[in-house]
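Asker: Build me a model:
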Amino acid sequence: MIKVMWLLKRAPHLTLEEFGDWWLNHHAKDIAADQAPYLKRYIVDLRVADESGLAGKPAAEPEWDGIAEQWFETEADYNAVYGRADRPTRADTLAHTSAFQRLVVREHEQDL
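Answerer: Predicted coordinates for the structure are as follows:
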């Protein structure tokens, strides 16, 4: 199993709430449709506003506003999606983010 994690920073014209709405209600659906049947699991992790009262508020604005976690059965499945030149969701991503970074990992679950 191959997992890719995308770290995203919202575009300056979007609030954290607007960014979350775009991602959850528009972009995520387009990703799922575009990457079928290769994408096996997809999770969006959105940053919680620091005004929420949670302990440990950072002194500076966090570098990222969210993380997408995507699972692919094989490297070939991953390449079938991300090796294509025609990526219809790319322009949408660029219009709604100021930065993004990819991290490909293999999970190693630990017994607790």
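Asker: From Glu18, how far off is the residue sitting nearest the centre point of the chain?
Answerer: Taking C-alpha atoms, centre = their mean, the centroid of the chain lies closest to Ala68, which sits 2.3 Å from it. Applying C-beta to C-beta, to the nearest Å, one obtains 17 Å for the distance of Ala68 from Glu18. Every C-beta, even on glycine, is put in place using the N, C-alpha and C of the backbone.
Asker: same question, Leu24
Answerer: With distances defined as C-beta to C-beta, the gap from Leu24 to Glu18 amounts to 11 Å.
Asker: Just give the number of residues close to Tyr78.
Answerer: Burial of Tyr78, expressed as a neighbour count using other C-beta atoms under 10 Å, amounts to 21.
Asker: Now do the same contact list for it.
Answerer: By C-beta atoms under 8 Å, 6 or more residues apart in numbering, Tyr78 lies in contact with Ile2, Val4, Tyr38, Phe72, Val104.
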